[in-house]
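Visitor: Need the 3D shape of this:
(one chain, ligands or ions: 1)
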Amino acid sequence: MRRYSAFAIAREAARYHTGWGRAWRNPTPKKSYDIVIIGAGGHGLATAYYLGKNHGLKNVAVVEKGWLGGGNTGRNTTIIRSNYLQDESAAIYEKARSLYESLSQDLNYNVMFSPRGVLMLAQTEHEIRGYKRTEHANRLQGVETRFIGPKEVKRLVPIIEISGPRYPVLGALWQPRGGTARHDAVAWGYARACSDMGIDIIQQCEVTAIRQKNGAVSGIETTKGEISCNKLGLVVAGNSGVLAEMAGFRLPIESVALQALVSEPIKPAINVVVMANTVHGYISQSDKGELVIGGGADGFNNYTQRGSFHHIEETVRALIETFPIISRLKMLRQWGGIVDMTGDRSPIIGRTPLENCFIDCGWGTGGFKAIPGSGWSMAATMARGEPDEFAAAFGMERFIEGRFIDESVAAGVAH
Ligand SMILES: Cc1cc2nc3c(=O)[nH]c(=O)nc-3n(C[C@H](O)[C@H](O)[C@H](O)COP(=O)(O)OP(=O)(O)OC[C@H]3O[C@@H](n4cnc5c(N)ncnc54)[C@H](O)[C@@H]3O)c2cc1C
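Guide: Residues are numbered from 1 along each chain as shown. Okay, here's the model as predicted:
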């Protein structure tokens, strides 16, 4: 495959862009693979990529029922941060964040990583205490964060109203190297690099059953026929419960709709990411100028990919209180994705009760930021057959042992 470069752009410009090839192949599935990954979201594609790159395993297929990146990966508000409280979480999210720093170069694909900084507003005394605690934990973990006062918040975000009537801004947890990336580009970049290594990405191919022999996985049945494999990875976010049922086990996961919306485009108004967890609103500005706004998750389980209407009203109301100048903006689009929530708001990575069947799920409302780290760890776990250093704490057995990794403060809020 041709490398993308400034020289390639100049060459193509000179010949009216007639020489660009397809970014990835569209292969017919083979009868058998060493490894099959179900789900071509960011986590599935990243797993396949690091299987090839880090472990030399390239007889791999990624099977996707829709189009690649069409699940939560293409529906999220793209916030990237690693300011989690527990050591295990900070380790994998910081691994992911640090991989994002050089992902464009690694994939030879511009994922538009923008470390513009993330602010998590403290709007109650309780939040101040919580974020100061996280700041101290982050310092010990080697994650760069700082608790800042309201004046510094105002300096970073001139359009913010810090003395709002209900919830004045009392400070914020600031992660200067957090930010955003272009979500589609992350999926496309991994897909292109996978395809280039010979890994097959099979779209429009729904898995309908998981075949097993003597307690171990032997293959899958799909809408494009049967495929045998030695190892299987379930990486399907909100559909994890459905796939687990096919594999014969239950997961401590609930699937709910989480939604987001964007405004009409405006001139640059805000150049950091702001998360207001108390009032439940998240905002950043896209390169096109739209304000990207994240809201809350539905309070009931569903698979609708839409989300309840009252959340939009609540989110917009919360944001207008914090950013009064956006009150006259029109909202352009709204959408939802089905997120996979665990009880402790931490992911599940590792083995399953079905031998040679592995799972990576439970990223809930905040897994976009984790894509490179999760793929890295899931690939190592599948290649070795046992959890790597990042996955070790995230096995599903922790729910039987009562060994929770409680991130309800850092991750129970959306994004
Ligand atoms: C509105 C919203 C906002 C969010 N905001 C953020 C944010 O700001 N920051 C952040 O870090 N995270 C955010 N998230 C969470 C993040 O999007 C997800 O955690 C992450 O994208 C999950 O990626 P994934 O690859 O696991 O899942 P997905 O991208 O959903 O991929 C799973 C794939 O599996 C496929 N699949 C399912 N069943 C089958 C089957 N039977 N056969 C074949 N394929 C199947 C699906 O079609 C899908 O493409 C947000 C999510 C939503 C919905």
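Visitor: List the residues that contact Ile199.
Guide: With C-beta atoms under 8 Å, 6 or more residues apart in numbering as the criterion, the residues that contact Ile199 are Ala48, Tyr49, Leu51, Gly52, Lys58, Val60, Ala61, Val62. C-beta coordinates here come from the backbone N, C-alpha and C atoms, glycine included.
Visitor: Assess the claim that the fourth one and Asn59 are in contact.
Guide: Read that as Gly52. No - counting by C-beta atoms under 8 Å, Asn59 is not a contact partner of Gly52; they are 9.6 Å apart.
Visitor: For those two, indicate the residue with more neighbours.
Guide: In this view Gly52 and Asn59 are compared by other C-beta atoms under 10 Å, and Gly52 has more residues nearby, 21 against 16.
Visitor: ok, for that one, nearest residue in space, not its chain neighbours?
Guide: Ranked by C-beta to C-beta, 6 or more residues apart in numbering and with sequence neighbours excluded, the top spatial neighbour of Gly52 is Met197, at 4.2 Å.
Visitor: so where do the helices sit in this structure?
Guide: For the chain, applying DSSP state H gives helices covering 6-14, 42-55, 87-101, 103-107, 125-141, 150-156, 183-197, 240-247, 309-322, 371-384, 398-401.
Visitor: Output the ones you listed as TSV; include the columns mean pLDDT and distance to Thr365.
Guide: Below are the helices of the chain laid out as TSV (pLDDT from 0 to 100; distance: least, C-beta to C-beta, whole Å):
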stretch	mean pLDDT	distance to Thr365
helix 6-14	95	37
helix 42-55	98	14
helix 87-101	98	13
helix 103-107	98	22
helix 125-141	96	17
helix 150-156	98	23
helix 183-197	98	14
helix 240-247	98	15
helix 309-322	87	12
helix 371-384	98	14
helix 398-401	94	19
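Visitor: Would you tell me which one of the ones you listed is buried the most?
Guide: Between the helices of the chain, helix 42-55 has the highest mean count of neighbours, a mean of 27, where neighbours are mean count of other C-beta atoms under 10 Å.
Visitor: what sits in contact with each of Gly52 and Asn59?
Guide: Here Gly52 and Asn59 have Gly198 as joint contacts, going by C-beta under 8 Å, 6+ apart.
Visitor: Contacts only, for the residue most central in space within the chain.
Guide: Residue closest to the mean C-alpha point of the chain, counted by C-alpha atoms, centre = their mean, is Phe368 at 1.5 Å. For Phe368, the contact set (C-beta under 8 Å, 6+ apart) comprises Gly42, Asn72, Thr73, Asn76, Thr78, Ile79, Ile80, Ala181, His183, Val186.
Visitor: Ramachandran angles for it?
Guide: The main-chain torsion angles of Phe368 are listed as degrees, to the nearest 10 and equal phi -60, psi -40.
Visitor: Max pairwise distance over the contacts of Ile199: which two?
Guide: The distance between the two most remote of the contacts of Ile199 (C-beta to C-beta) is 13.2 Å, for Tyr49 and Ala61.
Visitor: what stretches of this structure score poorly on pLDDT?
Guide: Flagging of the chain using pLDDT under 70 yields the residue ranges 409-415.
Visitor: Spell out which residues of it are next to the ligand.
Guide: Counting by C-beta under 6 Å from any ligand atom, the residues of the chain close to the ligand are 38-44, 63-66, 70-73, 75-79, 206-207, 235-237, 239, 243, 258-260, 294, 337, 339, 363, 365-369, 415.
Visitor: Pull out the buried residues from those residues.
Guide: The neighbour-count criterion (16 or more other C-beta atoms under 10 Å) marks 38-44, 63-65, 70-73, 75-79, 207, 235-237, 239, 243, 258-260, 294, 337, 339, 363, 365-369, 415 among the residues of the chain next to the ligand as buried.
Visitor: picking that back up, tell me how far the residue nearest to Gly52 lies from Leu107.
Guide: Distance of Met197 to Leu107, given as C-beta to C-beta, to the nearest Å: 11 Å.
Visitor: how near is Leu291 to the ligand?
Guide: In this structure, Leu291 and the ligand are separated by 14 Å, where distance is defined by C-beta to the nearest ligand atom, to the nearest Å.
Visitor: Could I get the contacting residues of that residue?
Guide: For Leu291, the residues meeting the contact criterion (C-beta under 8 Å, 6+ apart) are Val262, Ser263, Ile266, Ala269, Ile270, Ile283, Ser284, Gln285, Ile326, Leu329.
Visitor: neighbours of the residue nearest to Ile325 when sequence neighbours are not counted, just the number please.
Guide: Closest residue in space to Ile325, ignoring its immediate chain neighbours: Ile159 at 5.4 Å, by C-beta to C-beta, 6+ apart. By other C-beta under 10 Å, 14 other residues sit near Ile159.
Visitor: surely Ile159 meets Asn271?
Guide: No - with the criterion set as C-beta under 8 Å, Ile159 and Asn271 do not qualify as a contacting pair; they are 10.4 Å apart.
Visitor: ok, now which ones touch the closest residue to Arg97 other than its chain neighbours?
Guide: The spatially closest residue to Arg97, leaving aside those adjacent along the chain, is Ser82, at 4.4 Å (C-beta to C-beta, 6+ apart). If a contact means C-beta under 8 Å, 6+ apart, then Ser82 has Ala90, Tyr93, Glu94, Ala96, Arg97, Val143, Gln175, Gly178, Lys369 as its contacts.
Visitor: What's the separation between Ser82 and Met120?
Guide: Using C-beta to C-beta, one gets 12 Å for the distance from Ser82 to Met120.
Visitor: For the residue nearest to Arg97, give me phi and psi.
Guide: Ser82 has phi and psi values of phi -140, psi 20 when expressed as degrees, to the nearest 10.
Visitor: quick one: it from the ligand, how far?
Guide: Using C-beta to the nearest ligand atom, one gets 10 Å for the distance from Ser82 to the ligand.
Visitor: pretty sure Gly395 is in contact with Arg351, am I right?
Guide: Yes - the pair Gly395 and Arg351 passes the contact test of C-beta under 8 Å, sitting 7.0 Å apart.
Visitor: Overlap of the contact sets of the two?
Guide: Pro387.
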